[in-house]
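Visitor: test case, fold it:
(chains A and B)
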Amino acid sequence: SQELEQSPQSLIVQEGKNLTINCTSSKTLYGLYWYKQKYGEGLIFLMMLQKGGEEKSHEKITAKLDEKKQQSSLHITASQPSHAGIYLCGAHAGGTSYGKLTFGQGTILTVHP
Amino acid sequence: DTAVSQTPKYLVTQMGNDKSIKCEQNLGHDTMYWYKQDSKKFLKIMFSYNNKELIINETVPNRFSPKSPDKAHLNLHINSLELGDSAVYFCASSFHRSGLNNSPLHFGNGTRLTVT
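Guide: Numbers count the residues shown, from 1 in each chain, chains lettered A, B, ... in the order given. Prediction:
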């Protein structure tokens, strides 16, 4: 089965700093999703990457998928307290997997004002 | 205009009881899911339904029984609750597309189940 490893497990930064969260897979990623979770709330979809070398940005968040499609990174520029939460990467097993996403263990981000 | 809504938000009950969690989506999606997030924040799929048909059943104890009356609803009934069932249960929905045309899952806000 596919396993996703996220690093770091937790991250504390000062407001305004840049940061990167990594997600590594032991197998080829057919669809890589980044979600954000706040305490007591559901997962908010951030971005989906499917092609090797693909990069997407939304506001101050950029996600990349490497050419081999085994590693993805999430980069936040000039972090703000509103960026705090748990970031999860999820991936499809491929084919007709009916949304069976395998998730990483999450990265807890704290942003100090 | 909540997209995926699940009730209740919190559920505290005693061991041995039977409880249900309800989920509804108004996104027109054809596939719905139940995921379980344990105390270590690991999120794992439990069930998936496509157009009311069970597609994925991930070695979940048969005390857990999902029911999908229509493609907009997926409920989860749990019999004889155990301490280890304490977790946050998330409902999600999406369009099913094969191959590279995957669509993202939209999650509900979760139901925090505490079994005492």
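
Visitor: which parts of chain B sit against chain A?
Guide: Proximity of chain B to chain A is confined to B:4, B:31, B:33, B:40-45, B:48, B:50, B:55-56, B:90, B:92, B:94, B:96, B:98-100, B:102, B:104-110, B:112 under the rule Cβ under 8 Å from any Cβ of the partner chain. Heads up, the C-betas are built off the backbone N, CA and C, glycines and all.

Visitor: quick one: buried ones out of those residues?
Guide: B:4, B:31, B:33, B:41, B:43, B:45, B:48, B:50, B:55-56, B:90, B:92, B:94, B:96, B:102, B:104-110, B:112 (16 or more other Cβ atoms under 10 Å in any protein chain shown).

Visitor: look up how far residue B:60 lies from the most centrally placed residue in chain B.
Guide: Using Cα atoms, centre = their mean, the residue of chain B that lies closest to the mean C-alpha position is residue B:34, 2.4 Å off. Distance of residue B:34 to residue B:60, computed by Cβ to Cβ, to the nearest Å: 9 Å.

Visitor: what of residue A:42?
Guide: In terms of Cβ to Cβ, residue A:42 sits 20 Å off from residue B:60.

Visitor: those two: which is more packed in?
Guide: Using other Cβ atoms under 10 Å in any protein chain shown as the criterion, residue A:42 and residue B:60 rank with residue A:42 on top: 21 against 18.

Visitor: sort out for me which of the buried ones among the residues of chain B next to chain A are in strands.
Guide: Members of these lying in strands (criterion: DSSP state E): B:4, B:31, B:33, B:43, B:45, B:48, B:50, B:55-56, B:90, B:92, B:94, B:106-107, B:112.

Visitor: list the contacts of residue 91.
Guide: Here I'm looking at chain A. Shown in contact with residue A:91 (Cβ atoms under 8 Å, 6 or more residues apart in numbering or on different chains): A:2, A:4, A:25, A:29, A:30, A:31, A:32, A:33, A:101, A:102.

Visitor: wait, I meant chain B there
Guide: Residue B:91 touches B:4, B:6, B:21, B:23, B:25, B:32-35, B:74, B:76, B:107-108, counting by Cβ under 8 Å, 6+ apart.
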